[in-house]
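S.K.: have a look at this prediction, sequence included:
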Amino acid sequence: MKTANSSSFPDADTATVAPASVSPAESSAASAASAATHARGGLSATLAAWRDRLLLQEDLNFLLTNRVPRIALTRLMGWFSKIRSPLLARLSIGTWRLITDLDLSDARRQHFASLHDCFTRELVPGARVFDADPAVIASPCDAIVGACGSLEGLGALQAKGSPYSMVELLGSEALAERYRDGMYVTLRLTSAMYHRFHAPDRGRLRHVTYISGDAWNVNPIALKRVERLFCRNERAVLQTELEGGHQVTLVAVAAILVASVRLHALDVLMHLRYRGPNEMPCDASFERGDELGWFEHGSTIIVLAPRGFELCDGIVTGARLRAGMRLMKRPA
């Protein structure tokens, strides 16, 4: 198995602790601390329940996350998230935790100078293990699986009954033809997830195309209501050639509050104000699991593979993945 990072940790099960006497005052303080912890836990559970109830109100959800000045809010979030103030970062992250399932237990750092630093956090060594089986390619990111399966000619689905065209998504008829009747998987990164993405296999990044666009939310509610949403949003098309000559393309799609993508292979930050170049040839090699880049907040990666690839077991809509898990089987 290959890891995005690797390290060793002490085995807590082998540690021994000498018994110690506890004074009445210490016992009372411990009880108070325990009660406070339970109170905080109860408050968090209550807020989470209200959050879930609100998010299930589709009309309200769509109104709050789409019928707003999307591009202006996205630029505002970009500015706000980069304010370097540890206190502001702690307050922002605390608020963020009230409305999401943010988990920083595997983050390399636990304290951040800005909200942006938390969005783009690195993980502790060994946090993501990449499946080493050469017969499969791995998931490039943590994600919830969206629409997936075989392309019908050059058509895919963003949601049931809501098709879109590979030609429009990729901005190139020639590139789209490579994937006629091929395989696709939609990988949605929520705002609370790890936002860096990695190489699904050994290979080379051959070309990047930047396509300017809007910043619609990419949650399931918006995907049901906004036609051809992925083709409307800002996106970067990453053409890769993997081991064995297989041409697999990753389409990194932006969304509201996240309209910037950084790639290690290019010294360019692609965002709403980016004005080109739009076509960027490159020839950067990578190994399976190497970090390719990151989103500034969280969004979607669409993985496209030629005809002959198959989905691995368990890759179905709604499945939760971590970077490195099995995603597609290579042609036999």
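M.R.: Arrived safely, thanks for sending. Residues are numbered from 1 along each chain as shown.
S.K.: use CA for all of it now, contacts and neighbours both
M.R.: Noted.
S.K.: what distance do you get for residue 229 to residue 290?
M.R.: 29 Å (C-alpha to C-alpha, to the nearest Å).
S.K.: now swap in residue 141 and tell me
M.R.: Counting by C-alpha to C-alpha, the gap from residue 141 to residue 290 is 11 Å.
S.K.: please enumerate the shared neighbours of these two.
M.R.: residue 198 (C-alpha atoms under 8 Å, 6 or more residues apart in numbering).
S.K.: surely residue 237 and residue 251 touch.
M.R.: Yes: at 4.6 Å, residue 237 and residue 251 qualify as touching, with contact defined as C-alpha atoms under 8 Å.
S.K.: which residues do the two both contact?
M.R.: residue 170.
S.K.: so which of residue 229 and residue 290 has more stuff around it?
M.R.: residue 229 (24 against 20; other C-alpha atoms under 10 Å).
S.K.: check contacts around the more buried one.
M.R.: 158, 216, 218, 223.
S.K.: make it 7 Å
M.R.: By C-alpha atoms under 7 Å, 6 or more residues apart in numbering, the residues touching residue 229 are residue 223.
S.K.: please report how far it lies from residue 76.
M.R.: For residue 229 relative to residue 76 (C-alpha to C-alpha), the value is 22 Å.
S.K.: neighbours around the closest residue in space to residue 151 that isn't next to it in sequence, how many?
M.R.: Counting by C-alpha to C-alpha, 6 or more residues apart in numbering, residue 181 is the residue found nearest to residue 151 once chain neighbours are left out, at 4.8 Å. By other C-alpha under 10 Å, 19 other residues sit near residue 181.
S.K.: separation between the most centrally placed residue in the chain and residue 320?
M.R.: Residue closest to the mean C-alpha point of the chain, counted by C-alpha atoms, centre = their mean, is residue 189 at 3.1 Å. Distance, residue 189 to residue 320, by C-alpha to C-alpha: 10 Å.
S.K.: now do the shared contacts for the two.
M.R.: 143-144.
S.K.: for the residue lying closest to residue 86 once chain neighbours are set aside, helix, strand, or coil?
M.R.: Among residues not flanking residue 86 along the chain, residue 113 sits closest, at 4.4 Å (C-alpha to C-alpha, 6+ apart). Classification of residue 113 by DSSP: H, G, I helix; E, B strand; the rest coil places it in coil.
S.K.: now the phi/psi pair for residue 113, please.
M.R.: phi -80, psi -20 (degrees, to the nearest 10).
S.K.: that one touches residue 85, doesn't it?
M.R.: Yes: under the criterion of C-alpha atoms under 7 Å, residue 113 makes contact with residue 85 at 5.5 Å.
S.K.: neighbour count for the two, which is higher?
M.R.: Per other C-alpha under 10 Å, whichever of residue 113 and residue 85 has more neighbours is residue 113, with 17 against 13.
S.K.: residue ranges for the helices of this structure, please.
M.R.: 24-55, 58-66, 70-81, 86-99, 115-119, 166-170, 173-177, 220-225, 229-232 (DSSP state H).
S.K.: run through the protein and note the low-pLDDT ranges.
M.R.: Within the chain, the ranges that satisfy pLDDT under 70 run 1-71, 73-74, 256-259, 268-277, 296-298.
S.K.: what's the span of stretch 182-192 from first residue to last?
M.R.: First-to-last residue span, stretch 182-192, C-alpha to C-alpha: 31 Å.
S.K.: may I see the buried residues of that stretch?
M.R.: If you call a residue buried by 16 or more other C-alpha atoms under 10 Å, then stretch 182-192 has these buried ones: 182-192.
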